[in-house]
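1. just to be clear, the model below is a prediction. Sequence and coordinates:
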Amino acid sequence: MVGDRVHPSRDDALVRSLSEVAGGPLGDHAGRHPWWTPLRVVLLLAAVALSLGMVAKAPCLDVAGEGGTGRYAALCWSDVSQAYVDRGHAELAWPFTDDAGVRDRYAPGWQPPVPAYVAWAAARVTHVLAGSPDLDERRAMSVADVAADDAVHREARIFTAVTAVWLAAAGLLAAGLLVGVRRRRPWDAAAFAAAPVLVLLWPITWDLLAAAAVAAVLWGWARGRPGVAGAALGVGAAVSPLVALLLVPLLAVGVRDRRSAQAWRVAAVAAVTWLVVDLPAYVSSPAAWEASWQGYLHGVDVGSVWLLVQQAGNVAPSRTTVVVVSGLLVAAWLLVVAVVGLRTRLSLAALGTLAVAGTLVVSPAAAPSYALVLLPLAALGVPRWRDLLVWQAGELAHFALLGWYLGGLLAPAGGGDARAYWWGMVARLLGLAWLVAAVLIRAGSADGSADDDVVEVGRGEADPDVDVLADGRHARA
């Protein structure tokens with residue numbers, strides 16, 4: 001540590017070894033650059049990562065809105081571009097309509113309310129930029145003809161670009177908020193901004209909105225702003241149910257640190273915000289609103305431990321069995337997380353990492369982009385870059401094998417299951433297990449006492465999640 005900040009090149013063994021390429025770790029007498037603050041550096045890193053991610057998806061922009069499996073084999077597929085036609089955005093259909101004409105052409109989308117709102121808004125911007133095409137003429141065409149129309153392909157590319165700009169803004173917001181969560185450790189946010197999973201997974205879906213919400217929850221809690229944390233939690237839960245899992249560790253931390261009143265205020269604001277955000281969708285169409293959550297409840301999905309058991313074990317559990325059993329496992333795991341939170345001094349980010357990573361291990365829904373919801377938590381909750389990179393290596397191995405699996409490249413010549421893809425699922429599950437183990441080992445060191453917390457570097461500083469409060473167990477630095 002130099003001055004009042006912890007610097008990764010001195011604190012982290014992996015970063016310290018990599019820093020030798022640029023002259024070695026920060027010196028004892030190094031000063032601060034007047035312009036290159038941690039915030040600006042982290043934002044630059046995030047901008048570069050987001051730009052590289054868009055470049056990686058560029059080969060598929062020419063087939064935006066089309067079907068086929070080639071985009072999967074090329075590892076550049078995006079649900080965003082596919083949604084333009086598949087969800088009726090080419091005709092500016094409201095995602096939560098009960099209009100019989102729309103529903104005869106397009107089934108309700110499996111997008112929670114906030115991503116659906118954002119996609120609908122992006123479609124309206126797209127139509128303005130594309131010169132306001134004649135929708136009556138388009139609605140008279142078959143859906144297949146709409147999907148094959150060259151003008152629609154051009155609009156789908158515009159739609160993808162507009163959405164990407166908005167998602168990139170959410171990614172930059174997340175990076176900036178993470179810098180401000182811990183004043184003494186602003187460089188922890190670089191683990192988010194420079195993450196390989198951010199580069200390759202952010203343009204696939206709208207889950208970067210959930211990552212921004214998670215960052216806002218951490219920022220609001222650390223700065224003693226329960227209203228901000230609650231609003232972010234409510235909006236985030238309307239983007240992805242995984243964000244709602246943060247409520248359990250947040251309440252545990254609140255009880256442990258004698259901030260129960262603030263924690264319950266966060267919960268109340270989150271509940272009200274979620275209801276307000278969901279209300280337009282539910283009022284428009286309860287059936288479409290219910291369908292919007294099916295992405296998390298429809299049963300066994302690619303990447304999940306359930307698919308691995310189903311294919312490798314040759315068993316076929318029913319959808320109800322999968323949903324009920326996985327729900328019970330998640331509930332049991334969250335109880336464990338709450339106990340760990342009450343008995344140790346782990347931060348909200350670390351406990352959130354446990355909650356989300358453990359849920360992803362047992363959940364039947366396992367899209368690659370769900371890693372983006374976990375990323376801001378892991379960046380602040382797991383202090384070692386080595387552990388973060390091991391987890392991300394498993395995610396990226398699964399992403400690559402999933403693309404080749406969906407693209408038909410792993411199909412055995414003799415038929416049957418693509419067993420090569422099983423290794424991708426195993427890699428993903430082992431990476432998540434590694435991340436969970438890294439947090440639990442840290443919690444178990446010296447009974448999880450605060451003075452053994454790596455974040456506090458053994459000097460008795462206050463817990464980072466109670467930065468704005470007096471901490472009875474620690475003296476203020």
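-> Thanks, I have it. The model shown is predicted, which means the values in this text are computed figures rather than measured ones.

2. sec struct for the residue nearest the centre of the chain, please.
-> By CA atoms, centre = their mean, the chain has its centre lying nearest to Val373, at 1.9 Å. Three-state call for Val373 (DSSP: H, G, I helix; E, B strand; the rest coil): helix.

3. which residues does it contact?
-> Val373 makes contact with Asp207, Ala210, Ala211, Val214, Ser240, Leu242, Val243, Val356, according to CB atoms under 8 Å, 6 or more residues apart in numbering. All C-beta atoms are positioned from the backbone trio N, CA, C, and that covers glycine.

4. low-confidence stretches in the protein?
-> Scanning the chain with the threshold set as pLDDT under 70 gives 1-35, 62-68, 413-416, 445-477.

5. between the contacts of Val373, which is nearest Ala175?
-> Ala211 (9.5 Å; CB to CB).

6. is it true that the closest one touches Ala170?
-> Yes. At 7.2 Å, Ala211 counts as touching Ala170 under the criterion of CB atoms under 8 Å.

7. quick one, which of these two is more surrounded?
-> Neighbours were counted for Ala211 and for Ala170 using other CB atoms under 10 Å; Ala211 has more, 32 against 22.

8. quick check: the gap between the closest residue to Arg139 other than its chain neighbours and Ala291.
-> The shortest distance from Arg139 to any non-neighbouring residue, by CB to CB, 6 or more residues apart in numbering, is to Glu91 (5.6 Å). Glu91 sits 19 Å away from Ala291, going by CB to CB, to the nearest Å.

9. and the two? Which one has more around it.
-> Each of Glu91 and Ala291 has its neighbours counted (other CB under 10 Å); Glu91 has more, 22 against 19.

10. spit out the contact partners of the more buried one.
-> Val102, Arg105, Leu135, Arg138, Arg139, Val146.

11. for these, pick the one with the most neighbours.
-> Neighbour max across these (other CB under 10 Å) = Val146, 20 neighbours.

12. burial count for Gly408?
-> If we define neighbours as other CB under 10 Å, then Gly408 has 12 of them.

13. assign a three-state SS to it, would you?
-> coil.

14. list the contacts for it?
-> With the criterion set at CB under 8 Å, 6+ apart, Gly408 makes contact with Thr69, Ala73.

15. for it, phi and psi?
-> phi 80, psi 10 (degrees, to the nearest 10).

16. picking that back up, in helices, which of the contacts of Glu91 appear?
-> Val102, Arg105, Leu135, Arg138, Arg139, Val146 (DSSP state H).

17. out of those residues, who's nearest Ala316?
-> Arg105 (32.5 Å).

18. report the contact partners of the nearest residue to that closest one once chain neighbours are set aside.
-> Leaving aside its chain neighbours, Arg105 sits nearest to Val143 (5.4 Å; criterion: CB to CB, 6+ apart). Counting by CB under 8 Å, 6+ apart, Val143 makes contact with Val85, Arg105, Tyr106.

19. hmm, the second one is touching Arg87, no?
-> Same thing as Arg105. No. The pair Arg105 and Arg87 fails to qualify as a contact (CB under 8 Å) at a distance of 10.8 Å.

20. Leu242 - how many residues pack around it?
-> Leu242 has 25 neighbouring residues, counting by other CB under 10 Å.

21. against Leu410, how distant is it?
-> Leu242 is 28 Å from Leu410, where distance means CB to CB.

22. how close does the residue nearest to Arg139 sit to Val102?
-> 8 Å.

23. next: Arg182.
-> Taken as CB to CB, the span from Arg182 to Val102 is 48 Å.
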